[in-house]
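Asker: model the following, please.
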Amino acid sequence: MLTTTIAKKIMAALCGCLLLSLAACSLNERSARPSWESGVLRVGVTPNYPCLIHKAAGTGLISGFEAECAALLAKRLQSRLQFVELEWEEQIPALERKEVDIIMSAMSITEMRKLQVAFSEPYLTISQMALTTKAGEEKFPSAQEILATGNAIGVEKGTTGDVFVQRYCPAAEPFFFSSPDAAVQALRDKRIDLFIHDGPVLGSYAAPNGADGLVLLQTPLTSEELAWAVRRDDPALLQAVNSALAAWKKDGALQKLLRKWLPQ
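Answerer: Have a look, this model is predicted:
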């Protein structure tokens, strides 16, 4: 009788260990799954880009073309949308650390970035352009004058505008800013002569601030494609994003949102 009781206790203990092991494996499997497959789509954003991704100063509401696309994507994936606000230079590192699932923040496709992330199909083609003052407009009638200038040029640090100025404007004196707002203020204060950035961003400043004498030079300096970035080891999300883009292009939803936020 004693032997039988001991055997039953041993069997019960072994079964308990097995159940605990299975529970731990199940928990590990769930924790290893990407966040978006677990019901939360974490979208990395730097909300300082008027029209595309922007944060209202008063309400803190994040809005723009990218924000609406993020909401549509989360709904399509049956996930809850979570915006993760990051400094621009932290976007790709945060993606690599798996702190976000996708970057939806007006990111240009570049060869360097393609080594680090997997890009979706592009959703918009833009140009780097230059914003100046009314007094400075006559100094830069064409791209040649911009490329050859030794004047002060403002750029947002870490952007393709930053790369462009360093590569193609060797005589210029570059000034680095953390946001377009800061660079535009420097332009108003005459601390810089030009601000080079994405055309849609500069257009949003030039239109409402015409009374301040800000002028968008109608000279495209580059041609770039904007896309969304995911980790290279997450092909399922990349496929889902590209499928969503294809559907939105087919039914006109993408063009409708672009016209809403970028009417120019």
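
Asker: could you pull out the helices for the stretch 51-200 of the chain?
Answerer: Taking DSSP state H, counting those that start in this stretch as the test, the helices found in the stretch 51-200 of the chain are 65-76, 91-96, 111-114, 143-148, 160-168, 180-188, 199-206.

Asker: quick check: which of those helices is buried the most?
Answerer: Highest mean neighbour count among the helices of the stretch 51-200 of the chain (mean count of other CB atoms under 10 Å): helix 199-206, with a mean of 22. C-betas here are computed from N, CA, C, even on glycine.

Asker: what sits up against that helix?
Answerer: Identification of contacts with helix 199-206 by CB atoms under 8 Å, 6 or more residues apart in numbering yields 49-52, 126-131, 180, 184, 195, 214-216, 220, 262, 264.

Asker: could you dump the helices of the stretch 51-200 of the chain to CSV with mean pLDDT and distance to S105?
Answerer: Listed next are the helices of the stretch 51-200 of the chain as CSV, based on pLDDT from 0 to 100; distance: least, CB to CB, whole Å:
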stretch, mean pLDDT, distance to S105
helix 65-76, 97, 6
helix 91-96, 97, 6
helix 111-114, 94, 12
helix 143-148, 94, 26
helix 160-168, 94, 13
helix 180-188, 93, 13
helix 199-206, 86, 12
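
Asker: those helices: which one's closest to E37?
Answerer: helix 65-76 (12.6 Å; CB to CB).

Asker: how far off centre is that closest one?
Answerer: With CA atoms, centre = their mean, to the nearest Å as the basis, helix 65-76 stands 13 Å off its chain's centre.

Asker: count of neighbours near the residue lying closest to A240 once chain neighbours are set aside?
Answerer: Nearest residue to A240 in three dimensions, chain neighbours excluded: L77, at 6.3 Å (CB to CB, 6 or more residues apart in numbering). When counting by other CB atoms under 10 Å, one arrives at 19 neighbours for L77.

Asker: likewise K55?
Answerer: Neighbour count of K55, defined by other CB under 10 Å: 18.

Asker: which residue packs closest to it, ignoring adjacent ones?
Answerer: P47 (3.8 Å).

Asker: tell me the spacing between that neighbour and E225.
Answerer: 21 Å (CB to CB, to the nearest Å).

Asker: tell me the pLDDT of A172.
Answerer: A172 is assigned a predicted lDDT (pLDDT) of 95.
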